[in-house]
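**Q** Give me a model of this one.
(one chain, ligands or ions: 1)
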Amino acid sequence: MAGIRFSIDELAGRGLDIMYDPAETLVSERLGSQGHEGAGHEIHVRLRAERSGEMISVNGEISGHVTAVCSRCLGPVPIDVTSRFHLVLLPQHELPEESEDDEIELEPDDLDTAFYSGGVVNLEQHIWDQILLEIPMQPLCSPSCPGLQYDRSGLEEFEEIKREEARKNSPFAGLKDVWRSDQAGNSKNE
Ligand SMILES: [Zn+2]
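**A** Numbering: from 1, shown residues only. The predicted structure follows:
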């Protein structure tokens, strides 16, 4: 079976239960740059599809885990995937006619509505979108991740030179000593 595609004819009567366990290499391919290379992914999809006239109703559950990339250190970040969704699919010909001036306004409900054409329902895009939604915008391997580790000795040397120059060039460099001796003088007079 080619993934999560099915013909609406298969739904006649009692509907259809679908189990889909994509291969790790496919998960990795679909995650693209959001997936950590060489780290594990495991996804299980369970679907129940029912048909009422031309309307297809799908209840789905996605579980498993993927490994994302830490946005600071690029290390692996394990992400649990637990997602349930309900999707209503309508035949493509019921799409509102698109005119040049009117933009179709999406109602909130439309997020759970999709379309099929040619009597074939393909849930691939929806399923992968759901999985990608589980990955945070900026995944972190730990809240205190220090970021990429690199040799700081050169940087510290450079900063020390800059501090030294700032001390020499400061117009108040000499004043500070005057103020200090003044303070010392005051405390003696108390
Ligand atoms: Zn990290």
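
**Q** what does this protein have sitting close to the ion?
**A** If contact is defined as CB under 5 Å from the ion, the residues of the chain in contact with the ion are Cys70, Arg72, Cys73, Gly75, Cys141, Cys145. All C-beta spots, glycine's among them, are computed from the backbone N, C-alpha and C.

**Q** In three-state terms, how would Ala68 be classified?
**A** strand (DSSP: H, G, I helix; E, B strand; the rest coil).

**Q** So what pairs up with it in the strands?
**A** Beta-bridge pairing of Ala68 under DSSP bridges involves Gly35, Val77.

**Q** Can you give me the neighbour number for Val66?
**A** Look at Val66: counted by other CB atoms under 10 Å, it has 26 neighbours.

**Q** From the chain's centroid, how far away is stretch 131-146?
**A** With CA atoms, centre = their mean, to the nearest Å as the basis, stretch 131-146 stands 7 Å off its chain's centre.

**Q** try stretch 81-96
**A** Relative to its parent chain, stretch 81-96 has a centroid offset of 22 Å by CA atoms, centre = their mean.

**Q** tell me which residues in stretch 51-66 are buried?
**A** Judged by neighbour count using 16 or more other CB atoms under 10 Å, the buried positions of stretch 51-66 are Arg51, Ile56, Val58, Gly60, Ile62, Gly64, Val66.

**Q** Reformat these as TSV; add pLDDT and secondary structure.
**A** TSV is the format used below for the buried residues of stretch 51-66 (pLDDT from 0 to 100; DSSP: H, G, I helix; E, B strand; the rest coil):
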residue	pLDDT	secondary structure
Arg51	93	strand
Ile56	93	strand
Val58	95	strand
Gly60	94	strand
Ile62	97	strand
Gly64	98	strand
Val66	97	strand
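
**Q** can you tell me which of those residues lies nearest to the ion?
**A** Val66 (16.2 Å; CB to the ion).

**Q** Could you check how far the closest one is from Ile18?
**A** Computed as CB to CB, to the nearest Å, the Val66 to Ile18 distance reads 20 Å.

**Q** returning to that earlier point: now intersect the residues of the chain next to the ion with the helices, please.
**A** Here DSSP state H is the test, and the residues of the chain next to the ion give no hits in helices at all.

**Q** a markdown table please, covering the residues you listed and showing neighbour count and pLDDT.
**A** Formatted as a markdown table, the residues of the chain next to the ion follow (neighbours: other CB atoms under 10 Å; pLDDT from 0 to 100):
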| residue | neighbour count | pLDDT |
| --- | --- | --- |
| Cys70 | 18 | 96 |
| Arg72 | 16 | 94 |
| Cys73 | 16 | 94 |
| Gly75 | 17 | 94 |
| Cys141 | 18 | 95 |
| Cys145 | 15 | 94 |
